[in-house]
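Trainee: Provided below are the primary sequence and the corresponding predicted coordinates.
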Amino acid sequence: MARKRVIEAPSLKSWEDVNDALRQIAEAQIAVGDIESDMQKQIIGAQKVAEEQCKPYKDSIARLEREIKTFVTDHRDEMGKAKSMTLTFGEVGFRLSTSVSLPRAKEKLEEIIRRLKSRQMTDCIVVEEKISKEALKKYGEDTVNAVGATWSTLSGPPGSRATSSATRSTSPSWSRSRRATKKGGPGMAAARTGRKQPSIRTLWAIAKSPELMLTDEDLHAVVYRETGKESMKKLSQGEINTVARVLQNMKDGTKRDIRSKRTDEGGDPRTVSQRRKIYALCEELGWNDDPRRIQGFIKRVAHVDRIEWLDNAKCEKVIEGLKAILARQKQKEARNE
């Protein structure tokens, strides 16, 4: 027998009650703002402390990388015809890379576009197309529906919102609506919205962003891992989309601050379950409170700097290593009892 729905009596019985409800909403919003402001202050403070603690390590890494680069360059002949040399704790080598940089000044960019057009190099110019909802509404309901958009006329309580592309709403003016966002990688977004596809330039932009700051070698390593190709010039559009999605996930994972939060999300989607297993083992070892210990172990065992960069084989290697450490720790505890 179906359960009867209990209908609660409305609590607002007059305009004075509505006005009082609005006052309570305003006060609650102010309280939320204060709480979120305090939270941001704490986050900024934690980031500053972490940045100061990381600085000597980052300086050491930069110095060692410079010294390695100088040594490898001076001893290039000892590598013979090989482009790289694999050592116990990493790999060094040479890789050719080509990039094109553009000026930021609007006038200079316009001049480059003019010259490209004069040379009939229009394939180098990307034009972004967008749909104007306001202009589309002027054509009326029949035309809007005919082109594939949706015409809706809504009249509802405060807080209701339209999900159509072309909408007339008679909701009270104080209510607010949020634009729906679509999840997905760069290629998916481009296919749905008509925006330009990611390009090789997009890959460089994400890789060199302040959140990632990948070296040229790191970027080429990601490209090779995802596509099996050493040259980005040989990438198809689908492969560019894949690499752009992986890089964006890496960037988003870094934004979430891996020093204080687990990064099961982001990185290679094929290794999500394995990375969760790694964190579960680290939890048993008591390492999750010290991310530097986790990262140090991963770098020592898998020769990568971040857990998001692990492939399936390296994840298994890390997991087996953690299991061995956990087994030894349990044996030691058993002997001490």
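Mentor: Good, I have the coordinates. Numbering: from 1, shown residues only.
Trainee: For this structure, which segments count as helices?
Mentor: Along the chain, the stretches classed as helices by DSSP state H are 15-74, 106-118, 133-137, 140-146, 186-193, 200-207, 216-227, 237-255, 272-285, 291-302, 312-336.
Trainee: check contacts around Glu141.
Mentor: Trp151 (C-beta atoms under 8 Å, 6 or more residues apart in numbering). C-beta: built from backbone N, CA, C; applies to glycine.
Trainee: confidence score at it?
Mentor: Glu141 is assigned a pLDDT of 79 by the prediction.
Trainee: go on, the one 4 residues further on?
Mentor: Confidence at Asn145, expressed as pLDDT, is 78.
Trainee: ditto for Arg76
Mentor: 83.
Trainee: What distance do you get for it to Gly93?
Mentor: 10 Å (C-beta to C-beta, to the nearest Å).
Trainee: and what of Lys233?
Mentor: In terms of C-beta to C-beta, Lys233 sits 19 Å off from Gly93.
Trainee: which one of the two has more residues nearby?
Mentor: Gly93 (12 against 7; other C-beta atoms under 10 Å).
Trainee: count of neighbours near Ile294?
Mentor: Look at Ile294: counted by other C-beta under 10 Å, it has 21 neighbours.
Trainee: who's in contact with it?
Mentor: Ile294 neighbours (C-beta under 8 Å, 6+ apart): Ile278, Cys282, Trp287, Asn288, Ile307.
Trainee: How much space separates the nearest residue to Ile206 once chain neighbours are set aside from Lys233?
Mentor: Closest residue in space to Ile206, ignoring its immediate chain neighbours: Leu247 at 4.3 Å, by C-beta to C-beta, 6 or more residues apart in numbering. Distance of Leu247 to Lys233, given as C-beta to C-beta: 17 Å.
Trainee: Then Ile43?
Mentor: 41 Å.
Trainee: can I have stretch 68-80 written out in CSV, keeping just the CAs?
Mentor: Output of stretch 68-80 as CSV, limited to C-alpha atoms (Å, rounded to 0.1, in the frame of the first residue of the first chain):
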residue,chain,number,x,y,z
ILE,A,68,72.6,17.7,-14.2
LYS,A,69,71.8,19.6,-17.4
THR,A,70,75.3,21.0,-17.5
PHE,A,71,77.0,17.6,-16.8
VAL,A,72,74.9,15.7,-19.4
THR,A,73,75.6,18.4,-22.0
ASP,A,74,79.3,18.3,-21.3
HIS,A,75,79.4,14.5,-21.5
ARG,A,76,77.1,14.1,-24.5
ASP,A,77,79.7,12.1,-26.5
GLU,A,78,79.7,9.4,-23.8
MET,A,79,76.0,8.6,-24.6
GLY,A,80,76.9,7.6,-28.1
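Trainee: Identify each buried residue in that stretch, please.
Mentor: Residues of stretch 68-80 classed as buried: Val72 (neighbour count, 16 or more other C-beta atoms under 10 Å).
Trainee: just use 37 as the starting number from now, easier for me
Mentor: Okay, using 37 as the starting number, the last item reads as stretch 104-116.
Trainee: List of residues touching it?
Mentor: Counting by C-beta under 8 Å, 6+ apart, residues outside stretch 104-116 touching it are Met121, Val128, Gly129, Phe130.
Trainee: who touches Trp168 in this structure?
Mentor: Careful, residue 168 is Ser; it's not Trp. Contacts of Ser168 (C-beta under 8 Å, 6+ apart): none.
Trainee: got the phi/psi numbers for it?
Mentor: phi -90, psi 110 (degrees, to the nearest 10).
Trainee: State the distance from the most centrally placed residue in the chain to Glu247.
Mentor: Nearest to the mean C-alpha position of the chain, by C-alpha atoms, centre = their mean, lies Asp288 at 2.5 Å. From Asp288 across to Glu247, the span is 8 Å (C-beta to C-beta).
Trainee: Just the buried ones from the contacts of Ile330?
Mentor: Here, 16+ other C-beta under 10 Å leaves Ile314, Cys318, Trp323, Ile343 buried among those.
Trainee: For the residues you listed, work out which two are farthest apart.
Mentor: Greatest spatial distance in the buried ones among the contacts of Ile330: Trp323 and Ile343, 12.0 Å, computed using C-beta to C-beta.
Trainee: pull the helix or strand with minimum mean pLDDT from the protein.
Mentor: strand 202-205 (a mean of 40; mean pLDDT, DSSP states H and E).
Trainee: Can you pull the domain assignment for this protein?
Mentor: 152-206, 222-291, 298-373 (automatic domain parsing).
Trainee: Between those, which has the poorest mean confidence score?
Mentor: Minimum mean pLDDT among these: domain 152-206, a mean of 69.
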